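Colleague: here is my input; please provide its structure:
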Amino acid sequence: MNCIFCEIAAGKAPVEIIYEDENVLSFLDIKPLNIGHTLVIPKRHYENYLDLPADELRNITLISQKIAAKIVKAFEPDGFNIIVNSGKAAGQSIFHFHYHIIPRYSDDKVKFNIVFKSYGNGEMKQIAEKIKNV
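Modeller: Model prediction:
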C-alpha cells in the first residue's frame, strides 16, 4: 500500500505537526484553503469514515474539537469548517480517513459550489423510510 498519510504517521515524510499521541496525528495541510488549515488523522490506516472503529472515531473527534478551539484562538476566524470527504465522488483524494479543520473568514472567497435539491410530494417520507429500514 502506498499511502502518504501512513508515511507521515510513520515519520517518513516531513510535516508541521500540531498534535500527536500514540493513535492520532494532526498537521498543517500543504495545500491550505486558508492559513491554519489543519488535518487530523488516525495513525492506523482506515480508508474512510465508515471504516473507522467507533472508539477511534470518538477519540479523533474529541481531539479535532480541541484542535479547532486552538485554531480559533490562534487566528480568530469568523467561523470554521470541519470536513470529511468519503469516496472519490465526495472529493476524497487521499484514501486514509482524515478531518479537515479550515478557518473561515467572511471575505476569504472560499466557496463550495452547492446546488440544493428538492423532494417531490411525499418523497421525503419514502426516502426516510428507505434509510430507516436498512
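Colleague: pull the CA atoms of stretch 110-126 into CSV?
Modeller: Output of stretch 110-126 as CSV, limited to C-alpha atoms (Å, rounded to 0.1, in the frame of the first residue of the first chain):
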residue,chain,number,x,y,z
VAL,A,110,-13.5,30.1,-0.5
LYS,A,111,-16.8,28.8,-2.0
PHE,A,112,-18.3,25.4,-2.1
ASN,A,113,-20.5,25.0,-5.2
ILE,A,114,-23.6,23.7,-3.5
VAL,A,115,-26.8,23.1,-5.5
PHE,A,116,-29.7,22.2,-3.3
LYS,A,117,-32.2,19.6,-4.4
SER,A,118,-35.8,19.3,-3.5
TYR,A,119,-38.2,16.4,-2.8
GLY,A,120,-41.4,15.8,-4.7
ASN,A,121,-44.7,15.4,-2.9
GLY,A,122,-44.5,12.6,-0.4
GLU,A,123,-40.9,11.7,-1.4
MET,A,124,-39.3,12.7,1.9
LYS,A,125,-41.4,10.2,3.8
GLN,A,126,-40.4,7.4,1.3
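Colleague: neighbours around the residue nearest to residue 49 when sequence neighbours are not counted, how many?
Modeller: Closest residue in space to residue 49, ignoring its immediate chain neighbours: residue 86 at 4.4 Å, by Cβ to Cβ, 6 or more residues apart in numbering. For the C-beta atoms, the positions are set from N, CA and C on the backbone; glycine is no exception. Using other Cβ atoms under 10 Å, residue 86 has 16 other residues around it.
Colleague: low-scoring stretches of this structure, by residue?
Modeller: Applying pLDDT under 70 to the chain picks out residues 1.
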